[in-house]
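In: for reference, the sequence and a predicted model appear below.
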Amino acid sequence: MSISSTLCAEITKPNLSFAIDAIIIGKRKAKSGTRGGTNIPFNFTIKDVVGDTANVVYWARPDKYLEANSILQLGSAFRFVSLKSSSAGRGKEIDPRTTCAFVLQMSTLSVEKLGDKKIEEKLMHIFSTIPQGLEVTPIPQLLSATATFRTNVMATVVSIGELRQVKVPSGELASALDLEVADHSLESIIVTLWGSELTAFVHEQIMAWDSVILLQDAKVKFYANRSNHVTIGTQTLVTPNASGKAATIIQRAVAKARAEGLKFRKMLEIPKTAPAYSPDLPPQWMLLKVISDFFNRALWPDHINPYKPMVSICEFIET
């Protein structure tokens with residue numbers, strides 16, 4: 001027999017055990033810390049049927065961590081049946097900020113499919129709903145900032161870049177997605193999202209000129225030599241299709257401007273740096289093209305390997 005569900009707002013003290021019907025609105029990569037020498041913290045954020053949010057931690061063995069990551073997908077709704085509230089102090093280091101003062105510990109990977117279709121539909125709707133009283137910073141203020149800071153950003157997506165892999169300072173490759181967004185000021189700014197699951201999820205959900213994206217606690221990066229830029233961190237919550245009165249105002253203003261012929265061009269400013277050699281569009285082919293035009297010949301003879309452009313250039317000249 002399934003236990004009844006509670007709400008995040010009803011969690012008023014630590015060491016309470018309960019179940020919650022909720023939807024997953026954010027996930028974060030495990031930190032380096034462990035418990036008992038082997039367990040890894042799996043961190044995610046949930047939103048209940050009235051829109052309250054809470055951070056959840058599941059201390060998992062490595063094999064269970066992978067299982068949890070495959071089951072607990074962004075935008076998935078469940079009944080979480082093995083939760084326990086921890087002291088508020090223990091959760092201060094766990095991002096992002098939520099309406100629940102307690103961090104919820106999940107002792108086992110115990111989730112149930114929601115039996116009530118209406119609850120599931122309500123959670124799907126609440127996922128995109130803008131939190132009451134949330135303040136966002138207009139894009140002109142983001143562009144004019146002279147220092148890096150954190151804030152909330154909400155704007156219409158006007159251009160969507162390609163999913164790409166970027167080499168980060170650690171040497172690893174990370175998934176990135178660039179978006180150009182504009183608000184009712186009709187100014188635009190570039191947003192970069194990170195993480196394989198988040199970028200794929202957002203890329204699948206949004207449509208240019210239609211979707212309003214909300215980033216709670218995003219980072220606005222100041223640059224002295226180019227336009228400021230919005231990016232995300234572990235504390236950022238991303239809502240791909242935000243809904244509500246404020247989102248509608250932004251969407252209509254941008255749609256009207258588009259109908260009047262306004263175009264945004266900031267996507268062209270994104271540096272096109274490749275983290276690794278890509279045979280699909282190597283810059284060396286520009287040189288090979290110039291040489292072939294100079295000699296009034298086809299781009300390359302049959303024996304030249306198109307996947308080794310520098311070698312091909314030398315062989316091309318020799319022939």
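Out: Perfect, I can see it now.

In: burial measure for the spatially closest residue to residue 52 that is not a sequence neighbour, as a count.
Out: Residue nearest to residue 52 in three dimensions, not counting chain neighbours: residue 8, with 3.8 Å by C-beta to C-beta, 6 or more residues apart in numbering. All C-beta atoms are positioned from the backbone trio N, CA, C, and that covers glycine. Residue crowding around residue 8 was assessed by other C-beta atoms under 10 Å; the count is 24.

In: show me what contacts residue 8?
Out: 20, 22, 46, 48, 52, 53, 54, 98, 99, 100 (C-beta atoms under 8 Å, 6 or more residues apart in numbering).

In: and for residue 185?
Out: 138, 139, 140.

In: from these, pick the one nearest residue 171.
Out: residue 139 (33.9 Å; C-beta to C-beta).

In: let me know the helix or strand that residue 131 is in.
Out: Residue 131 is part of no helix or strand when elements are defined by DSSP states H and E.

In: which residues does it contact?
Out: If you count contacts by C-beta under 8 Å, 6+ apart, residue 131 has them with 51, 99, 216.

In: so for the second one, what's the pLDDT?
Out: What the model reports as pLDDT for residue 99 is 85.

In: residues in contact with it?
Out: Contacts of residue 99 by C-beta under 8 Å, 6+ apart are 8, 9, 52, 53, 54, 131.

In: which helix in this structure has the most residues?
Out: Selection of the longest helix in the chain by residue count, based on DSSP state H, yields helix 245-259.

In: how far away from the center of its chain is that helix?
Out: Taking C-alpha atoms, centre = their mean, to the nearest Å, one finds helix 245-259 lying 23 Å from the centre of the chain it belongs to.

In: that older thread, which one of the contacts of residue 131 is nearest residue 197?
Out: residue 216 (17.8 Å).

In: quick check: the closest residue to that closest one other than its chain neighbours vs residue 26, distance?
Out: Sequence neighbours aside, residue 237 is the residue nearest to residue 216 in space, at 4.3 Å (criterion: C-beta to C-beta, 6+ apart). Using C-beta to C-beta, to the nearest Å, one obtains 5 Å as the distance from residue 237 to residue 26.

In: just the helices in this protein please.
Out: Ranges of helices within the chain are 62-71, 117-128, 139-144, 196-205, 245-259, 284-294, 309-318, based on DSSP H.

In: ok, now how distant is residue 47 from residue 10?
Out: 15 Å.

In: to clarify, my last question referred to residue 197.
Out: 30 Å.

In: do the same with residue 130
Out: In terms of C-beta to C-beta, residue 130 sits 23 Å off from residue 10.

In: coming back round to it: turn the helices of the chain into TSV, columns for mean neighbour count and mean pLDDT.
Out: Putting the helices of the chain into TSV (neighbours: other C-beta atoms under 10 Å; pLDDT from 0 to 100) gives the following:
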stretch	mean neighbour count	mean pLDDT
helix 62-71	13	87
helix 117-128	16	92
helix 139-144	17	94
helix 196-205	17	93
helix 245-259	16	93
helix 284-294	13	53
helix 309-318	14	49
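
In: show me the contacts for the nearest residue to residue 187 once chain neighbours are set aside.
Out: Take residue 187 and drop its neighbours on the chain: the residue closest to it by C-beta to C-beta, 6+ apart is residue 139, 4.4 Å away. By C-beta under 8 Å, 6+ apart, the contact set of residue 139 is 153, 155, 181, 182, 183, 185, 187, 188, 189.

In: what ranges do the strands span in the stretch 1-150 of the chain?
Out: 5-6, 17-28, 40-48, 53-60, 77-85, 104-106, 111-112, 149-160 (DSSP state E, counting those that start in this stretch).

In: circling back to that earlier point, got the contact list for the residue nearest to residue 216?
Out: Counting by C-beta under 8 Å, 6+ apart, residue 237 has contacts 25, 26, 45, 53, 96, 214, 215, 216, 217.
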